[in-house]
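Peer 1: Can you look at this prediction? I've put the sequence above it.
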Amino acid sequence: MHRYMLRRLLLMLPTLLGVAVLVFLLMRVVPGDIVEMRFAEGQFFNAELVAKERARLGLDRPLWRQFLDWLWGMVRLDFGLSMWSGNPIAHEIALRLQLSLQLALMATVVAVLLAIPLGTLAALRQDTWVDYVARVFAIAGLAMPSFWLGIVMFIILLAVFHWIPPMVFTPLWENPWQNLAQMIWPALAVGYRFSAVAMRMTRSAMLEVLREDYIRTARAKGLWQRLIVKRHALKNALLPVLTVIGLEFAFLLGGLVVTEQVFNLNGLGLLFVQSVARRDYTLVQALVLLVAFVYILVNFCVDLLYGWLDPRLRYQ
Amino acid sequence: MQLGHNRWCQGWLLALALGVVVLMAPGLFVLAQEQPRSGGELIMAVPSEPPSYDGHREETFGLIHPIAPFYSLLLRVDPNDYTKVVGDVAERWTVADDQLSYTFTLRKGVTFHDGSPVTAKDVKASYDKIIFPPAGVVSDRQGQYTVVEAVEAPDDDTVRFRLKWPSASFLLSLASPWNFIYKADMLAKDMHWYEQNIMGSGPFVFVEHVRGSHLVGKRNPNYWDKGKPYLDGYRALFITDTAARVATLKGERAHIEFRGLAPKQRDEIVKALGAKATVQESPWDCILMVTMNHEKKPFGDPRVRRALTLALDRYEGSRVLSQIAIVKEVAGVQVPGTPYATPPEALAGLAGYGTNIEASRQEARRLLKEAGVEGLSFTFKNRGIPMPYEPLGIWLIDQWRKIGVNVNQEVIEAAAYYKVLRAGEHDVAMDFQCGYIVDPDLDLYKFLSVDRNPSNYSRYSDRVLDELYDKQSRAINPEERKQYIRQFEKRLLDEEAHYIMTLQWQRIIPHSAKVKGWKITPSHYLNQQLDTVWLAE
């Protein structure tokens, strides 16, 4: 098991290196750069200003030199400075990570609380009204983008209650009510869509497991249905659901761009889009690497959880 | 009888007095309400965040709105009359008879937020950084001060600017909202210090800035203008999404957004807030222009360029587009209503500004035929920003179609847009200008020959135009200056049609009726120190 874990961890390195090369090159291929973005609208924009600023940002050095300097920084966990703000990238990310993490966690909790019971119930009551209601619920969740749902929430809150959520993030420990007043709405909007995906997977997996011989045996032995579902069926059905939840969680950390805009959440998704639009190379590179790392780590954790859930899969 | 009559008179007089009081009471109440009231926190929504804190370096309003309140200027535009300049750190000034020297006497008692006094040394150091930046230091508006020979500080209270030639706009250029007064000692230690730090002498003191979220300032108790600022503080919320900003105003989570909103958004806010909202509107010193690359055929031919401007029914466009976009007035080279704006009779004489659109379009077709480009088609490059690039782009294509010109629009992402223009890769494209001060020197600079101003994306050389620019810049007599400006405008928009002006932007600010003491100006960079702003109950 330990050898397996070590091997998986070491495999992260070439994956991250590949991502680093790809994002470095892609950003430089895309037209436009940060100097143009920042100064080109000015009445007195000229070549001297461009040269000065590019030199300051190190953009006048050869590409290979820029890449190696940046990579060496990554190795030392020095993410460098944002080309746009001049602030340490670690600080820029840390500021937003808290909110994104909280939103991802809350949305995951909402999703799990909805998806697993509903999916299980739908499977147990297949082709009954319970099943149909649950499936409609899931299809609606898949059809409605979370940002659209967020906009609708905003409209209803404003029109009916003449109230909108706070626009500034307050950490949970500073003021729980203020924090939840802001975060519950995007968590519900995102969590609903997330739950739809997970619910359908749970239902499919449960239906498959419920048809297995060992379930038939358990029923034949006279075990209570509740016990069969909890001890035998659910545990096996959860394996693919876990993968889906893991991947969705990783996505939530940096992928909720439009939802963050709608709710004005100062999260990683918005930072991502802004840094690409600004051609803030160093920040984009750091964010892409971070997301890649999170995906790899989540997959790794999911694989470990598989082993815990299913003894057959524990690697020797 | 006498007694009864007296009592009747007294009663009548009393009733009259009471009636007067009752009638005057609302007015007195309003008067009391209109007196500035101290206290409260102004909350503003800002669509963009400052990249750094250095006003000498940046050019986004996203810096001015949250950061300007922390700083003083040498001169500023009068908050109540944008055509006038008043002293900020400067108390008074004199101009030499030959117009080549401006001497400013600084106010006593102006201090930085760390308690140290603001002296002439600080003003000189700040202006040296703007006008003569050292190696490695970017000064975005250095080109505005080529007229300055030197900045001197003969004593602690006196600053002198020596000029190379007389300049009609010099005082106004010193009132630039970007010219924050920095502390000389800080600059001496590190010229880049103000990029990451804030320490000014303005009406507010920096409290905190959470990137991507908000910025807070609190009242400067030692501000030189006693009694001001009225506010206890302000909070800038950075909200990039327009719908979220509008919702913030509708939900009364913010009092105001100082840049400007579209007509539909204004109407939404007014509908939601009713009497709790006020709207201020003004022509805006921003305009979209069509740039035609003179280096590419057939746009080097003035007949083709004139045809394209003659095709535009600007008055109908104004009527229709002002309902959906942030554009309104038909204007020449200066903002309507400002001192050097084009009088109606002069405007009507410019190509494309006549009221008989059919005659104009007939002339346009004739010119295209004469130039041998009937059935002309080209690609129009537009910037990937919805408002107002998108509606104006569609309007232009529609108008050109009416003279038989087929246009294909290519929308280019904002970050890549100016690279395309600077490389001259366009035939016809949308260009843009926003002035931070309404001044001909600033607004006309763009149209100088390309070797004098690389931002001239039409890429022409026109020495006549250059000469007219220099003449108007040095004409101290306003009437003489107007004449040169009119000649410049005629050549730019009519004779040569180097550029095509679309419609002047319209600045629309719907805000909470509680916000008082702030008057809209044609520039969203002006009047942002917030020292005159107060909140009604």
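Peer 2: Right, received. Where do you want to start?
Peer 1: gap between residue B:341 and chain A?
Peer 2: For residue B:341, the distance to chain A equals 19 Å [Cβ to the nearest Cβ, to the nearest Å]. C-beta here means a position set from N, CA and C on the backbone, and glycine is covered the same way.
Peer 1: meant to ask about residue B:251, not that
Peer 2: 3 Å.
Peer 1: quick one, what contacts that residue?
Peer 2: A:157, A:158, A:162, A:163, A:164 (Cβ atoms under 8 Å, 6 or more residues apart in numbering or on different chains).
Peer 1: Return only those of the residues you listed found close to chain B.
Peer 2: Counting by Cβ under 8 Å from any Cβ of the partner chain, A:157, A:158, A:162, A:163, A:164 from the contacts of residue B:251 sit close to chain B.
Peer 1: quick one on the thing from earlier: next step: the contacts of residue B:251 restricted to helices.
Peer 2: A:157, A:158 (DSSP state H).
Peer 1: Turn the buried ones among the contacts of residue B:251 into a named PyMOL selection, would you?
Peer 2: Listed next is the PyMOL selection for buried residues among the contacts of residue B:251, using 16 or more other Cβ atoms under 10 Å in any protein chain shown:
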select buried, chain A and resi 157+164
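Peer 1: Of the contacts of residue B:251, just say which sits nearest to chain B.
Peer 2: Closest approach to chain B among the contacts of residue B:251 (Cβ to the nearest Cβ): residue A:164, at 3.5 Å.
Peer 1: any idea how far that closest one lies from residue B:512?
Peer 2: 15 Å (Cβ to Cβ, to the nearest Å).
Peer 1: cool, residue B:56 as well?
Peer 2: 33 Å.
Peer 1: The two: who's more crowded?
Peer 2: Neighbour count, other Cβ atoms under 10 Å in any protein chain shown: between residue B:56 and residue B:512, residue B:56 has more, with 24 against 20.
Peer 1: Residue 288: what's it in contact with?
Peer 2: Just so you know, I chose chain A. A:19, A:23.
Peer 1: if you could check chain B rather than the one you did, that'd help
Peer 2: Residue B:288 touches B:327, B:388, B:389, B:392, B:430, B:431, B:432, B:502, B:503, B:505, counting by Cβ under 8 Å, 6+ apart.
Peer 1: Name the nearest of those relative to residue B:339.
Peer 2: Set against residue B:339, the nearest of the contacts of residue B:288 by Cβ to Cβ is residue B:505 (18.9 Å).
Peer 1: I'd say the closest one and residue B:281 touch.
Peer 2: No - contact criterion Cβ atoms under 8 Å: residue B:505 and residue B:281 do not qualify, at 11.1 Å.
Peer 1: Looking at these two, which one has more neighbours?
Peer 2: Neighbour count, other Cβ under 10 Å: between residue B:505 and residue B:281, residue B:505 has more, with 28 against 15.
Peer 1: Report the beta-bridge partner residues of the more buried one.
Peer 2: Legend: beta-bridge partners of residue B:505 under DSSP bridges are residue B:327.
Peer 1: show me what contacts it?
Peer 2: Counting by Cβ under 8 Å, 6+ apart, residue B:505 has contacts B:260, B:283, B:284, B:286, B:287, B:288, B:326, B:327, B:328, B:388.
Peer 1: can you redo those as a markdown table with distance to residue A:172?
Peer 2: Shown next, in a markdown table, are the contacts of residue B:505 (distance: Cβ to Cβ, whole Å):
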| residue | distance to residue A:172 |
| --- | --- |
| B:260 | 36 |
| B:283 | 47 |
| B:284 | 42 |
| B:286 | 42 |
| B:287 | 47 |
| B:288 | 46 |
| B:326 | 40 |
| B:327 | 45 |
| B:328 | 47 |
| B:388 | 41 |
